[in-house]
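J.: When you get a sec, could you give me coordinates for this:
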Amino acid sequence: MDSAYFIQQLQANQKTFLHLFEGLTAAERLWKASPDHWCPLEVLCHLHDEEVEDFRIRLKLVLESPTQDPPPIDPPAWVKDRNYIGQDFEEMLSKWMKERTASLEWLQSLKHPQWDNAYQHATRGPLSGHFYLTNWVAHDYLHIRQLIRIKYDYASAISGQDVAYAGTWK
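T.: Presented below is the predicted three-dimensional model:
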């Protein structure tokens, strides 16, 4: 596996997220298609917490101490427990950008990382450095798609127009 490719994708995704978040109005930042969906602010808070408490720490552990159990996480509960909807958007964007930059600097500083090291998960089996790096990038893509979907739905909602002419969402 070409780890450099995935690191470059994390860097490119940082720019993509920045473009998706920049220029959002206060209304757009909090808009939800339905109460059970996330708004852009909640997506941003989730990205921040996942950056720090999930992907970076798990990859670091598997590379350096693969037998050590990673700290427990509960991303779905964080949305309410950490009051994502009540956070300051600009502050969270700054914090996430800082953390992604720190992640990239750390990844680029690695000398001969042991990507094949694996943590033995009780139900998923071995989770390697390759696994965590690839899934980190895939996680970005899921939330890039989510943000684009929010923008698509928002445009339809505020215009009152049927946007199916533009193409159907799959």
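J.: Spell out which helix or strand contains the spatially most central residue of the chain, please.
T.: The centre of the chain sits closest to Leu47, judged by C-alpha atoms, centre = their mean, with a distance of 3.8 Å. If you go by DSSP states H and E, Leu47 is part of helix 40-50.
J.: Now do that helix: which elements does it pack against?
T.: Applying 3 or more C-beta pairs under 8 Å, 6 or more residues apart in numbering; DSSP states H and E, we find helix 40-50 packed against helix 3-21, helix 26-30, helix 75-81, helix 89-109, helix 129-159. Using the backbone N, CA and C atoms, a C-beta is placed for each residue, glycine as well.
J.: Figure out which of the ones you listed is closest to Pro40.
T.: helix 26-30 (5.2 Å; C-beta to C-beta).
J.: Give the other helices and strands that the closest one contacts.
T.: Judged by 3+ C-beta pairs under 8 Å, 6+ apart, helix 26-30 is in contact with helix 40-50.
J.: Could you write out the alpha-carbon coordinates of the helix it packs on in PDB?
T.: Taking Å, rounded to 0.1, in the frame of the first residue of the first chain, the C-alpha atoms of helix 40-50 are listed here in PDB:
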ATOM      1  CA  PRO A  40     -22.500  21.400   9.200                       C
ATOM      2  CA  LEU A  41     -21.500  22.600  12.700                       C
ATOM      3  CA  GLU A  42     -22.100  19.100  14.100                       C
ATOM      4  CA  VAL A  43     -20.100  17.500  11.200                       C
ATOM      5  CA  LEU A  44     -17.300  19.900  12.000                       C
ATOM      6  CA  CYS A  45     -17.300  19.100  15.700                       C
ATOM      7  CA  HIS A  46     -17.300  15.400  14.900                       C
ATOM      8  CA  LEU A  47     -14.400  15.800  12.500                       C
ATOM      9  CA  HIS A  48     -12.400  17.500  15.200                       C
ATOM     10  CA  ASP A  49     -13.100  14.900  17.800                       C
ATOM     11  CA  GLU A  50     -12.400  12.000  15.400                       C
END
